[in-house]
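>>> Model the structure of this input:
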Amino acid sequence: MQNKGFIKVFSIILTLISLFYLSFTIVGRQYNKKADQYANGDLALKNQYLDSLSTVKVYLNYTLKQVRAKEIGLGLDLKGGMNVILEVDAGQVIASLANTDDPQFNQALKETVIQNRRGSSSDFISLFRQNYERIAPEGRLANIYSVTMSDRVRPTASNDEVITVLRHELASVANNSFNVLATRIDRFGVVAPNIQKLDRAERILVELPGITEPERVRNLLQGSANLEFWKTYNVSELSVYFNELNARSSEYAMAQRSGQTINDTINITVGDSVAQAEELSLPLFDDEKEKIVINKSFVEYFKEPYFAMSGAPGPTVGTVSKLDTAKVNFLLSKYKDIFPADVRFKWAFKAVDERDTHFQLYALKGDGSKRGPALEGDVITNARADQGRTGSAWEVSMTMNSSGASRWATITGAEIGKSIAIVLDGYVYSAPTVNGRIDGGSSQITGNFSAQEAQDLENVLKSGKMQAGVRIVQEDVVGPSLGQEAIYDGLVSFFIALLVLFIFTCMLYGFIPGMVINGALLLNFFFTLGALAAFQAVLTLPGIAGMILSLAMAVDANVLINERIKEELANGKTLRRAVEDGYKNAFSAIFDSNLTSIITGIILAIFGVGAIRGFAITLIIGIAVSFLTAVYLTRLLYENRFAKDKWLNLTFNTGFSKAIFKEYNFDFIHNSKKILIIIGVFIAVSIISLFTLGLNSGIDFTGGRNYIVRFEQPVRVGDVEDALSPYLGESVRAITIGSSNQVRISTNYMIEDDSNGVEEQLRVMLGQGLKEFMTPGKTIDDHIQSSQKVGPSIAEDMIKNAFLALFIALLCMGIYILSRFRSWGFSAGTIAALSVDAFAVIGLYSLLWKVMPFSMEMDQTFVAAILTVVGYSINDKVVVFDRVREFKQLYPKRGWRDLFNDSMNATLARTINTGLSTILVIICILFFGGDAVRSFVFAMLIGVVVGTVTSLFVAAPVAYKIITDREKKKNLIKA
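Next comes the predicted model:
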């Protein structure tokens, strides 16, 4: 084998990389165990322990926070938590930019909002344009936007140009919302959150593992950004008040230390910006209530207490460790009567040190009768970060509307020499000093900003330009108990499947060849985990299924190689030569089949979201790694053993394989007509079923809500539906999930209502309807294990992406086969067979969804299953066609009928072995893998069986028919 040195070096490097990245998971788990032992079940203490070490270097110069960020993350289905897709209110953005009462414009915008919420495959701005140009055929958008956006829209601009500007503005608002949400989530204290922009500019995906308060998260995510400009105090003006606070807090701390009873203590909800007192903002990471214990005076909590320094300038009170900010807030709240009524205290949003451990406290001055901000952020019309004229320092320019400019001139004229605090969501982002009165509404904010800091401040200022709210259009909530069950089910199914594979390979090829395959599978698993850790991918239950499936496909590569070795041995070659030729001749089939499966994985990764994308990424990594282990590393091991005169008596046969597999001589081409008739009848029955029984459309495709509810006693789904119908109407449906005491309740009741409190209202209805089934003394929230919401607009996009993904997958397969085999007959045969495979899954889902004991919904998982079936099934087709190509080169005078029959007979043992190994794995997952993947795996089982049949009786016969017909036409033309 060529390039042995490169393979060895590459494998060693890959091993070291995998060990390096997996070590973070091991270290992180160790500290998590320590935190559990320290907290003894108290979540607040656990978070406090981990938080105290977050900036301490604990491993290879990495802090604990960095170590935990590099761990293999567990998805929501394994850990529990919340997955949300948010949509920026695009209608609000478009309306806020306009300056018109044009009834045609308003009608178009109203219709667009309604269409978007009901579901549309088009984005919001495309829909708006279509509606506006339909309602006002001669209308010009420039007349509406050139006044308010004169710097970007000319009065003569075309509708195309205005739409381009609107798209840019909407993307800008979405970016601002993204940054605001990222900051809020960071403050919320979620470990390893995931926030990313989606393909539509106005949509944002947020994943929050471990969340136990969904309603609080909904309020946090859907609140509009609140930008304000506040006047400030010079802390020297407040010195006398701070001195009195320090004296009184010192007495209070002494009383607590001496054990005296304190009757006026208060509880503070740490980290909850919604429930804070007006003057408090807590940059903490603990969402539990805790009793504040004061053991020091006020000033002793400050690392740098500026107020205690004579003549301290500026509004900064001092710098406090984030572990002590709750205590400082407590004291400020307890003794707020000491200070003037217009004093407000706010924390900086950004830490002052690189370790993110210390935050500054600012003293703000309330303005007017309400003692609030001096100016609201909605007066900002534009902001831009740029380098200053005099040097390389960055500055931020902002402009205001006319009313804002007038007010700004008054404020800056009165506050010369003082600071104006820029506050977003209760946190101070910047507090620049006013050097002079600013007229005209244009200002430059300087402060030795870095490029990133200037960009962040620009985004903060822009967030006040348009108060665009966001709404939740899809939501999944998974309870921790369900997550623990998913982990257990996933691990059990994985180890059982692995054990079954190990036994099966040894039974097929003998102990040593079987253990070589098993060793390759273990390496495959190790490298896959290492790659997931390196890419910081999230492991989900479908991801575990993808890993197991990739192991089954890795077996396919080893089976191909070992079957070729057996063929070479049967032809009289020596063992060393047979192994060499076996690897050589199996290479092209393995390469083609793996590449086609990776194509399917890429399509899944592009069009899938959440867990399906995780499945696709895991599958891609697993297949790529299996190519390395099966084709190269196992061969290196054989060559090493042979060089040392070891393993020279291997036969790659066992009594089991000899008893089952013999030489075959079937006439597949002749018998294909009978099978095609049976397939035709099945297709006809399936079409009838689709028109009569239909498909069990999940909420992914229809929009709605799912609740998985667990009771102590078994329940009948009919009784559950009857109990809920008076409350939720005829839209409610229930099915048993997993066990007889657990049901999934689906409804689209009030799905188009986005008002606050709908979720709580539905839960009240569920509680009332299910009261007779619930455990006395427990609420409906105690019984709900997980919930999911999908809005109609998301459902519409999912339908579009599902069909697009399937079409692209089939097209890519056909193009690849054409490029590899240089005949469109092979492409046509492949597409025909794959189409039957895909339709077989759809047809059987229609026929069986009412009788199977688990959910068989048409949802994202269903589409992923079809695409995976297509990716797996093409392996068989490629292997057969590869052998046809090989035989054609070896026996150019042999007829096509013999070539196809001989090729299918030659590869039949491989087809059966691979099919059996995959079916064994699938059965293990089907019975032990949990409800989350059962429907997916059942579709895979259908695909493996049907795919094997179509490889032999559809793909090859169709290709044979097209190729022979073309040759007959050519011969007629020549004649």
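>>> Can you name the element that comes right after the helix or strand hosting residue 544?
Per DSSP states H and E: residue 544 is located in helix 541-570. Next along the chain after helix 541-570, taking DSSP H and E as the criterion, comes helix 575-607.
>>> Strands along the stretch 251-400 of the chain, start to end?
267-269, 289-291, 302-305, 316-321, 343-347, 358-365, 375-376, 380-387, 394-400 (DSSP state E, counting those that start in this stretch).
>>> out of these, which comes closest to residue 959?
Checking the strands of the stretch 251-400 of the chain against residue 959 by CB to CB gives strand 380-387 as the closest, at 60.5 Å. No exception for glycine: its C-beta is placed from N, CA and C like everyone else's.
>>> Could you give me the buried positions within that closest one?
380-383, 385 (16 or more other CB atoms under 10 Å).
>>> ok, that strand: who's next to it in the sheet?
Sheet pairing here is set by DSSP bridges, and for strand 380-387 it gives strand 394-400 (antiparallel).
>>> Run through who's touching the partner strand.
Here strand 394-400 makes contact (CB atoms under 8 Å, 6 or more residues apart in numbering) with 379-388, 408, 441-447, 449-451, 453-454, 457-458, 461.
>>> How far off centre is stretch 152-165?
Relative to the chain's own centre, stretch 152-165 is displaced by 36 Å; criterion: CA atoms, centre = their mean, to the nearest Å.
>>> Please disregard the earlier target; I meant stretch 106-117.
So, by CA atoms, centre = their mean, the centroid of stretch 106-117 is 30 Å from its chain's centroid.
>>> low pLDDT regions in the stretch 451-600 of the chain?
462-468, 479-484, 486, 541-542, 545, 548-549 (pLDDT under 70).
>>> and with 80 instead?
Flagging of the stretch 451-600 of the chain using pLDDT under 80 yields the residue ranges 451-491, 494, 536-553, 600.
>>> And the stretch 151-300 of the chain, by the same measure?
Using pLDDT under 80, the stretch 151-300 of the chain drops low at 151, 175-202, 207-226, 256-292.
>>> Show the residue spans covered by the helices in the stretch 1-150 of the chain.
Taking DSSP state H, counting those that start in this stretch, the helices of the stretch 1-150 of the chain run over residues 4-39, 43-52, 64-69, 76-79, 90-97, 103-118, 124-135, 142-145.
>>> Residue 926: which of the strands of the stretch 251-400 of the chain is closest?
Proximity to residue 926 (CB to CB) singles out strand 289-291 among the strands of the stretch 251-400 of the chain, at 44.4 Å.
>>> Nearest to residue 101, out of the strands of the stretch 251-400 of the chain?
Comparing those by CB to CB, strand 380-387 comes nearest, at 20.1 Å.
>>> then that closest one to CSV, C-alphas only?
The C-alpha coordinates for strand 380-387 follow below in CSV (Å, rounded to 0.1, in the frame of the first residue of the first chain):
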residue,chain,number,x,y,z
ILE,A,380,-32.1,57.4,17.3
THR,A,381,-32.4,57.2,13.5
ASN,A,382,-28.9,55.9,12.7
ALA,A,383,-25.6,54.9,14.3
ARG,A,384,-22.2,54.0,12.8
ALA,A,385,-18.9,52.9,14.2
ASP,A,386,-15.8,54.4,12.5
GLN,A,387,-12.2,55.4,13.2
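>>> Off-centre distance for it?
For strand 380-387, the distance to the chain centre is 33 Å (CA atoms, centre = their mean).
>>> Tell me which residues are up against it.
With contact meaning CB under 8 Å, 6+ apart, strand 380-387 is reached by 151, 227, 393-401, 404, 449, 451, 454-455, 457-458, 461-462, 464-465.
>>> switch to 7 Å and redo it
Outside of strand 380-387, the residues within contact range by CB atoms under 7 Å, 6 or more residues apart in numbering are 394-401, 454-455, 457-458, 461-462, 464-465.
>>> Please apply the same query to stretch 198-209.
By CB under 7 Å, 6+ apart, the list of residues contacting stretch 198-209 reads 74, 76, 79, 81-88, 90, 123-124, 167, 170-171, 174, 177-178, 181, 185, 190-197, 217, 221.
>>> Just these: which are in strands?
74, 81-88, 194-197 (DSSP state E).
>>> right, and out of those residues, which lies closest to residue 807?
residue 85 (24.0 Å).
>>> Next, the nearest residue to that closest one once chain neighbours are set aside: phi, psi?
Once flanking residues are discounted, residue 85 sits nearest to residue 474: 4.0 Å by CB to CB, 6 or more residues apart in numbering. Phi and psi for residue 474, reported as degrees, to the nearest 10, are phi -150, psi 140.
>>> related to what we said a few turns ago, which among the strands of the stretch 251-400 of the chain is found nearest to residue 836?
strand 380-387 (57.4 Å).
>>> Endpoints of stretch 881-898, how far apart?
Start-to-end span of stretch 881-898 (CA to CA, to the nearest Å) is 13 Å.
>>> Give me the contact list for it.
Contacts for stretch 881-898 (CB under 7 Å, 6+ apart): 588-589, 592, 669, 821, 826, 899-900, 902-903, 906-907, 960, 963-964.
>>> Most neighbours among the contacts of strand 380-387, please name it.
Ranked by the number of neighbours (other CB atoms under 10 Å), those place residue 461 first, at 28 neighbours.
>>> Can you name the residues that contact the nearest residue to residue 592 once chain neighbours are set aside?
Nearest non-adjacent residue to residue 592, counting by CB to CB, 6+ apart: residue 878, 4.4 Å away. Under the criterion of CB under 7 Å, 6+ apart, the neighbours of residue 878 are 589, 592-593, 596.
>>> I'd like those laid out as JSON lines, including neighbour count and distance to residue 353.
Listed next are those as JSON lines, based on neighbours: other CB atoms under 10 Å; distance: CB to CB, whole Å:
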{"residue": "589", "neighbour count": "25", "distance to residue 353": "59"}
{"residue": "592", "neighbour count": "21", "distance to residue 353": "55"}
{"residue": "593", "neighbour count": "26", "distance to residue 353": "54"}
{"residue": "596", "neighbour count": "26", "distance to residue 353": "52"}
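>>> Dump those residues to TSV, plus distance to residue 779.
Shown next, in TSV, are those (distance: CB to CB, whole Å):
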residue	distance to residue 779
589	59
592	57
593	53
596	51
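>>> which of the residues you listed lies closest to residue 550?
residue 593 (12.7 Å).
>>> I'd say residue 427 and residue 350 touch.
No. The pair residue 427 / residue 350 is not scored as a contact, 8.4 Å apart, by CB atoms under 7 Å.
>>> For the two, work out which one has more neighbours and name it.
Taking other CB under 10 Å, residue 427 and residue 350 do not tie; residue 427 has more neighbours (23 against 16).
>>> so what's that one up against?
281, 346-349.
>>> Top of these by number of neighbours, please.
residue 281 (26 neighbours).
>>> which secondary structure elements does the helix holding residue 544 contact?
When contacts are defined as 3 or more CB pairs under 7 Å, 6 or more residues apart in numbering; DSSP states H and E, helix 541-570 sits against helix 480-509, helix 511-534, helix 575-607, helix 611-627, helix 908-928, helix 931-950.
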